[in-house]
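Novice: build me a model from this:
(2 chains)
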There are 2 protein chains.
Amino acid sequence: MLRYNAPIDDMMFLYEKFNKDPHHDALGYLNFYTPKYVRSLLEKSSSFASQTLLPLAPVGDEKPSYLENGEVRTPPGFKDAYNQYVKDGWTRLTCKKDHGGNAAPKTVSGFIDEIWSSSNLSFKLFSELAIGAYNCILCNATDEIKNLYLPPIAEGRWGGTMCLTEEQCGTDLALVKTLAEPNDDGSFNLTGQKIYITSGEQDITENIIHLVLARTPDAPKGTKGLSLFLVPKVLVNSDGSLGVRNKVRASHVYDKMGIKGVPTCAIEFESAKAIQIGKKFEGLKNMFVMMNLERTKVGLHGLGLSETALQNALHFAKTRKQGSGSDGKTIPIIKHADIKKQLLKMKSLVEGERALGFWLSQQTDISLDHDDNVIRKQASDFVALLTPVVKSFFTDLGMEITSDAVQIYGGRGYLKDQGIELLYRDNRITSIYEGTNAIQALDLIYRKIGTKENDIVGKFLNLINQNVRVFKNNKINEMKKQFHEYLKLMIDYTNWLRDHLSKNVNDAKSSATDYQRSLGYISIAYMWILMCEKSKTVNENFEKDKLMTAKFYFQRILPQIKLYYENALKGSSDIMEFNFSAGK
Amino acid sequence: MLRYNAPIDDMMFLYEKFNKDPHHDALGYLNFYTPKYVRSLLEKSSSFASQTLLPLAPVGDEKPSYLENGEVRTPPGFKDAYNQYVKDGWTRLTCKKDHGGNAAPKTVSGFIDEIWSSSNLSFKLFSELAIGAYNCILCNATDEIKNLYLPPIAEGRWGGTMCLTEEQCGTDLALVKTLAEPNDDGSFNLTGQKIYITSGEQDITENIIHLVLARTPDAPKGTKGLSLFLVPKVLVNSDGSLGVRNKVRASHVYDKMGIKGVPTCAIEFESAKAIQIGKKFEGLKNMFVMMNLERTKVGLHGLGLSETALQNALHFAKTRKQGSGSDGKTIPIIKHADIKKQLLKMKSLVEGERALGFWLSQQTDISLDHDDNVIRKQASDFVALLTPVVKSFFTDLGMEITSDAVQIYGGRGYLKDQGIELLYRDNRITSIYEGTNAIQALDLIYRKIGTKENDIVGKFLNLINQNVRVFKNNKINEMKKQFHEYLKLMIDYTNWLRDHLSKNVNDAKSSATDYQRSLGYISIAYMWILMCEKSKTVNENFEKDKLMTAKFYFQRILPQIKLYYENALKGSSDIMEFNFSAGK
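Specialist: Take a look at the predicted model:
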C-alpha cells in the first residue's frame, strides 16, 4: 500500500519565495489567494488525496470501469469520492466567478493538479476533462451557450470530453471524417465514431458535454475543414433543465495497461444534435485552446506520479535493510551509493519539475489575465514555448522515475499489492495522450521556437541568462559557470536547429525530441539556480538541501545536453537513407 | 495481436560466419549441429513459437496461474503446449546424452532461448527453471543422485526451482534463516519459507525438484553458513518411482505486473525431507553455478522481448499512415525521421545484443568443455566478466526498446488487445530477478574486473583491440577509428574504477551501473565491427544493411560511454554527503 503526503512546504516555498513576478502580482490574485489560504487549500487537498483518493487507486485498477447494457459503470467508491470532491468545491476551483467558480490562478491550481495526479490519476481525469470542456466553451461560445452550459460544469454536475481521434487518425487530424449536417434551426446532426475518449461515458455526472471536431458537408479537405461542435449526452432545455437523451452512446470501453479507473471509450454519434461553437472551419484552432491547457496538465500527471514514486522509494530505502556497512551490521539500502544516487536523481528532477511547472503557471496566468498587451504577448510566447516541453519532458521523466522506484523496491516492486508498479503503468499513457511526445517535439520546433523576427526561444534563453547573471551568491558560483556553459550550447543548438529547418528539415526533425529534452534540462537548471538563490530566506537546512540537490543536478544530469547536441550535428543522412525493406 | 518470426537468417549468419573460433570448433559440436540441422531446429522452434506460444501469451496474462485448494493451476492451454514442447524434445536440448539429452551447445540453445523469450516468457520459465535445477544437480551431486533425478528432468516429466529469497532477504543472502536439521540416515528435515519462487508450484509436471539454500544447526552466520539442499515435491523411491508427497506446499501465488502465466509462489517447507548436495557450507558457491547460467538466460529474455517489440513496431510503422509527405499525400509513419531513428536504435541494439549473446555462448561452451585448462580458464574469465553485462544491459535495453515500441504504436500501444504493452510489462521483471541489475554491477566491479595480477577486463579489452586492428576493410575504417577512441576511454575508465575501489570505494560503487553499461556498449561496438567484416560474405544487401546499422550505432549510441565516464570522474562526495533525513 502506497503512502502520500503532498509536498506542501516545497509548494509554499515556490508560492511565496521562489520567483516573485511583478506582472503576476499585478493580477491581484494575492488579495484572495493569500499564502495562508493557499496552505489551507493544499492541506485540505492533501488530506483528501491521501485518505480517499490514494486508497481508491488500486480499486480502480482491480475493478476497472466497464460497459454494461450501454451504460458505463465506474469502479466502486469512485462516485462517492466524486460527490465529496464536488462538495468540497474542487470542480469550481479554476472556473470563473460568473459561473459559481473560485477563479483560482494556475499558480495555485497547478499544485492541486499535481496532488490529484499523485494520488489517483484515473479519478482526476473525470474532472480534468470536464474543466477542459469548460475552458473550450468559455473561449469559443456565445454568452447564451456559456450561461447555459458552464455553471453545471463548474458545479460538477456535468462532465465533459474532447473528441478528436478516429480510427484512421490520431496524430493526423486532417483525416477526420465525422460529419455534421446543418439543420434549418441552425443546429447540426452529427454522425461518426470517435475513439480513445477519456471519461467519454460514465455514471458519476448527470450529463456529459462532448466537444467534437467534425466536418460540415461544405468543408474543404484537411484540418482547415474542421469545425467544433458541442454535443450534450442529454439535451439541455433553454431553462437549463435536462431534456431527452441525445443520440450519443459508448460502444466500447478499452482494456488498458493502466489508468483503468477512468473509462476510455469509443463514442458513437448517430445524427446526434450538435451546436457549432466558434467560427466554421476554425475548429482545430479553437480546440487547441483546450489542448494547450490540457498539455500542461499532462506534464503535471508525470510530475505527480513521480512525486509519489519518490516518496515511496525513499521510505522503502530507509526501512529495507540489505547488505552491511563497514562494521558488518546490516544497513538500510539508502546507505548504498547506487540507491542514494538514484534517489537524488529522482529528487533533483521532481523538485526541478515542480518549480518549472510553477513558473509556467505564472506565465499562463499573465498570458490570460494581464491588462498590458505586450506583457501578455511575451508571457503567451513563453507558454507556447514551454507547454510542449513540460508535457513531454515531465512525462518522459515520469517513466524513468517510476521505473527507478520499481527497481529500488526490487522483487516487491513487481508485485501489485505494493502499488508502486501501478504508478509505472499509469504514467505510461502520459507520454502518448494529448499528442505523443514526438508530436510535441515537432510542434516545438515548427511552431514554437519562432523565426528570426519573433525569436521566442531566443527571448527565453536571454531572459534566463540575464536573470542568472544578476545573482551575487558565492554558493552558486560554480553552478552559474556550468549554467552559462550549457546555455551557450543551447543557443548553438537552437541556431543549428533553426538553420536546418530550412536547409535540411530531416536533420531538424530527427533531433526534435532531443532538442525538446535539452530545453527541459536547461529550464530546470534555471529553476535550480532560482531555488538555491531564494532558499536562503527559508532556513539553513532547507537551503543546504536545495544547494546539494542542485549540485547533483548540475554535475550529473545537465551534461546530457552536450550529447544531444553532438548527436544533432551528425545530421540525418544515416537515418533517412536507411531502407528497412531491404534488411529487417 | 502480435506477430513473430524468429530472425533465422540473422541467427544463421552468426552461427556460420560471424566469429569462427578454433577453440569452439575444437569442441566438435559441428559434427552433429551442422548449419543445416541448426537451421531446421530454428525453423521448428520458430513455428512452435509463433503458432502455439505467442497466442498463449495474452491468455496467460488474462487468466494467470492461481492457487486453488493448495494446488496451483496454470493458464488454459499451457499444459497442452508444455506436453507438445516435451514431445518435440525441447526440454532435452542442452541436457547430457547420459540423461537422454541432446547435448546442444550454448551457441545453438542461446538462439532457442531467445525464440521462447520472444514468444512467451511466462511459458519459457517453467522449463528454464527445471533446466537450471538440472545444471545445479549436474555440477554438485553424486552420481547416484544424478542418475535418479536428472533423466526425468531432461524428459520434461519433472520441473525444478531455485529457492533463495526469504522475506527478510533478497539481495543479501547472509540473512537466510531456513533451517535444515540432520536426520540419522543422512537426510535432513528442512523448515522455512521461501518467497518469489518462479514456477514454485504448478500442475504441468508430475514432480518438482526444489534446490534450496538453508542453514544447518551448526552453521556459522552469513553466507558462509549456507548449504544447498535438494527437496522434491514428491519423494522419489530408489528405483525412480514416485513415493509420498513431501511436506512442501505453495502458500501464495503473487499477483504481478507481468509474466502472469507462470506462477511466482511463496513455498512453505515444514520439516520437508531434504538431501544435501555439494559440500556443507558451500551452498552459495554451488548455487551460483546455476545462477550464472540463469543470468545469461535472463539477458536473452530482454533480447527476445526486444526482438518481438522491434518486429511489431516495424510492421506497425510500415502500415500506419499519418501525416503527409512533400507531395501532400498521407505516408506511413516509418517515413518520419523521428520514428525511423527510433527503429534504427532498436535494430542496432537488438542485432548487436544477439551477436554479443552468441559470442558469450561460444565462450561458455569453451569454458565448460574444452580440453585445455588454459583455454578453458580464459574463456571462463570472459564468461564471468560478461555474464553480469549481458544480464543487466540486455534487460535495461529491453525496457527502453519495449517502451519505444509502445510509443510508436501511439494510443494503440496502451491497449491490451494489441499485445505490445505486454512485452513492456513482461520485460520489467528481467532487470530485477536473478539479482537486480545494480547487484550485477557490484558483482562486476568487485569480482569480475579482476586485479592487476589477473586483469580479466584488461585481457578482454586487449583481445577486442587486437582483433579489430587486424581487419583491413575500407568500409569500416571510420568505425575502427571511433572504436579505438572509445576503447581508450574504457581503458581509462577501468583504471579509474580499479584505482577507486581501493582509494574511495563509494566513487567506484556509485559508478558501477554506468560502468557496466559502458562495457556493454563497447562490447556491442566490437560485435558490430565483426558483423560488418563478415557480412560481406553473405550478399551485398545484407552487408549494406549491417554497415548502415553499425554506422548508426557508432554515431548515435556508442558516445554515451563518454558521458558515463565523465560522470564517474566527479566522484561521489555529492552523493554520500547528502542527508535525506534533513530535507526530503
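Novice: please make it C-alpha for all contacts and neighbour counts, starting now.
Specialist: OK.
Novice: avg pLDDT for stretch A:302-314?
Specialist: What stretch A:302-314 shows for mean pLDDT is 98.
Novice: what's that stretch in contact with?
Specialist: A:2-4, A:114-119, A:334, A:343, A:346-347, A:350, A:353-354, A:394-399, A:401-402, A:405-406, A:408-409, A:420, A:423, A:427, A:430 (CA atoms under 8 Å, 6 or more residues apart in numbering or on different chains).
Novice: tell me the buried residues within those residues.
Specialist: Among those, those classed as buried by 16 or more other CA atoms under 10 Å in any protein chain shown are A:2, A:4, A:114-119, A:334, A:343, A:346-347, A:350, A:353-354, A:394-399, A:401-402, A:405-406, A:408-409, A:420, A:423, A:427, A:430.
Novice: ok, residue A:274 to residue A:442 distance?
Specialist: 33 Å (CA to CA, to the nearest Å).
Novice: do residue A:110 as well
Specialist: 25 Å.
Novice: again, but for residue A:357
Specialist: 21 Å.
Novice: just want to know which of the two has more residues nearby.
Specialist: More neighbours surround residue A:357 than the other of residue A:357 and residue A:442, with 29 against 20 (other CA atoms under 10 Å in any protein chain shown).
Novice: identify the residues contacting that one.
Specialist: By CA under 8 Å, 6+ apart, the neighbours of residue A:357 are A:110, A:300, A:390.
Novice: nearest to residue A:101, of those?
Specialist: Among the contacts of residue A:357, residue A:110 lies closest to residue A:101 (CA to CA), at 16.2 Å.
Novice: my guess is that closest one contacts residue A:361, does it?
Specialist: Yes - when contacts are counted by CA atoms under 8 Å, residue A:110 is listed as touching residue A:361 (6.8 Å).
Novice: low pLDDT regions in chain A?
Specialist: Residue ranges of chain A with pLDDT under 70: A:582-584.
Novice: where do the strands sit along chain A?
Specialist: Under the criterion DSSP state E, chain A contains strands at A:66-68, A:71-73, A:158-163, A:179-182, A:188-198, A:207-215, A:226-232, A:234-236, A:242-245, A:248-253, A:264-277, A:321-324, A:330-332.
Novice: which of the ones you listed sits closest to chain B?
Specialist: strand A:321-324 (5.4 Å; CA to the nearest CA).
Novice: who touches that closest one?
Specialist: A:330, A:331, A:332, A:333, B:168, B:169, B:170, B:171, B:172.
Novice: swap in 7 Å and give it another go.
Specialist: With contact meaning CA atoms under 7 Å, 6 or more residues apart in numbering or on different chains, strand A:321-324 is reached by A:330, A:331, A:332, A:333, B:169, B:171, B:172.
Novice: pick the one among the residues you listed closest to residue A:378.
Specialist: Nearest member of these to residue A:378, counting by CA to CA, is residue A:333, at 47.6 Å.
Novice: just give the number of residues close to that closest one.
Specialist: 21.
Novice: isn't it up against residue A:316?
Specialist: No - the criterion here is CA atoms under 7 Å, and residue A:333 misses it with residue A:316 at 8.5 Å.
Novice: measure residue A:156 to residue A:101 for me?
Specialist: Distance from residue A:156 to residue A:101, by CA to CA: 11 Å.
Novice: look at the two and report which has more neighbours.
Specialist: residue A:156 (25 against 20).
Novice: got the residues of the stretch 301-450 of chain A near chain B?
Specialist: Within the stretch 301-450 of chain A, the positions adjacent to chain B are A:322-323, A:337-338, A:340-341, A:407, A:410-411, A:414-416, A:421, A:429, A:432-433, A:436 by CA under 7 Å from any CA of the partner chain.
Novice: find the closest residue to chain B in the stretch 151-300 of chain A.
Specialist: Chain B sits closest to residue A:256 of the stretch 151-300 of chain A, with a gap of 4.4 Å, by CA to the nearest CA.
Novice: mind listing what that residue touches?
Specialist: So residue A:256 contacts B:414, B:415, B:416 (CA under 7 Å, 6+ apart).
Novice: with respect to residue B:517, which of these is nearest?
Specialist: Distances from residue B:517 to those, taken by CA to CA, are shortest for residue B:414, at 28.6 Å.
Novice: relative to chain B, which residue of the stretch 351-500 of chain A is the closest?
Specialist: residue A:415 (4.4 Å).
Novice: can you count the residues close to that residue?
Specialist: So residue A:415, with other CA under 10 Å, has 21 neighbours.
Novice: which residues does it bridge with?
Specialist: residue B:256 (DSSP bridges).
Novice: do stretch A:122-131 and chain B meet?
Specialist: No - with CA under 7 Å from any CA as the criterion, chain B is not reached by stretch A:122-131; the gap is at least 14.4 Å.
Novice: what are the buried residues along that stretch?
Specialist: For stretch A:122-131, by 16+ other CA under 10 Å, it's A:122, A:123, A:124, A:125, A:126, A:127, A:128, A:129, A:130, A:131.
Novice: stretch A:305-317 too?
Specialist: A:305, A:306, A:307, A:308, A:309, A:310, A:311, A:312, A:313, A:314, A:316, A:317.
Novice: which non-adjacent residue is nearest the residue sitting nearest the centre point of chain A?
Specialist: Chain A has residue A:298 as the residue nearest its centroid, 2.0 Å off, counting by CA atoms, centre = their mean. Sequence neighbours aside, residue A:391 is the residue nearest to residue A:298 in space, at 5.7 Å (criterion: CA to CA, 6 or more residues apart in numbering or on different chains).
Novice: please apply the same query to residue A:86.
Specialist: Closest residue in space to residue A:86, ignoring its immediate chain neighbours: residue A:156 at 5.7 Å, by CA to CA, 6+ apart.
Novice: wait, that neighbour sits on residue A:85?
Specialist: No - if you go by CA under 7 Å, residue A:156 and residue A:85 don't touch, sitting 8.7 Å apart.
Novice: which bits of chain A sit near chain B?
Specialist: Counting by CA under 7 Å from any CA, chain A sits next to chain B at A:169, A:171-172, A:254-257, A:322-323, A:337-338, A:340-341, A:407, A:410-411, A:414-416, A:421, A:429, A:432-433, A:436, A:506, A:509-510, A:541-542, A:545, A:548, A:552, A:556, A:567, A:574-576, A:578, A:582-583.
Novice: buried ones from the residues you listed, can you make that a PyMOL selection?
Specialist: Buried subset of the residues of chain A next to chain B, written as a PyMOL selection, criterion 16+ other CA under 10 Å:
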select buried, chain A and resi 169+171+172+254+255+256+257+322+323+337+338+340+341+407+410+411+414+415+416+421+429+432+433+436+506+509+510+542+545+548+552+556+567+575+576+578
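Novice: how much space between the nearest residue to residue A:65 once chain neighbours are set aside and residue B:435?
Specialist: In this structure, residue A:65 finds its nearest non-sequential neighbour in residue A:74, 4.4 Å apart by CA to CA, 6+ apart. Computed as CA to CA, the residue A:74 to residue B:435 distance reads 40 Å.
Novice: so who does the residue of the stretch 451-584 of chain A found nearest chain B touch?
Specialist: Residue nearest to chain B within the stretch 451-584 of chain A: residue A:510 (4.8 Å; CA to the nearest CA). Shown in contact with residue A:510 (CA under 7 Å, 6+ apart): A:572, B:337, B:338, B:341.
Novice: and which of these is nearest residue B:164?
Specialist: residue B:341 (42.1 Å).
Novice: wait, isn't that closest one in contact with residue A:575?
Specialist: Yes - the pair residue B:341 and residue A:575 qualifies as a contact (CA under 7 Å) at a distance of 6.0 Å.
Novice: quick one on the thing from earlier: in helices only, show me the residues of the stretch 301-450 of chain A next to chain B.
Specialist: Among those, the subset assigned to helices under DSSP state H consists of A:337, A:338, A:340, A:341, A:407, A:421.
Novice: closest to residue B:210 out of those residues?
Specialist: Nearest to residue B:210 among these is residue A:407, at 26.9 Å by CA to CA.
Novice: circling back: residue contacts, the residue nearest to residue A:65?
Specialist: A:65, A:66, A:202, A:203, A:261.
Novice: neighbour-wise, which one of the residues you listed leads?
Specialist: Busiest of the contacts of residue A:74 [other CA under 10 Å] is residue A:261, holding 30 neighbours.
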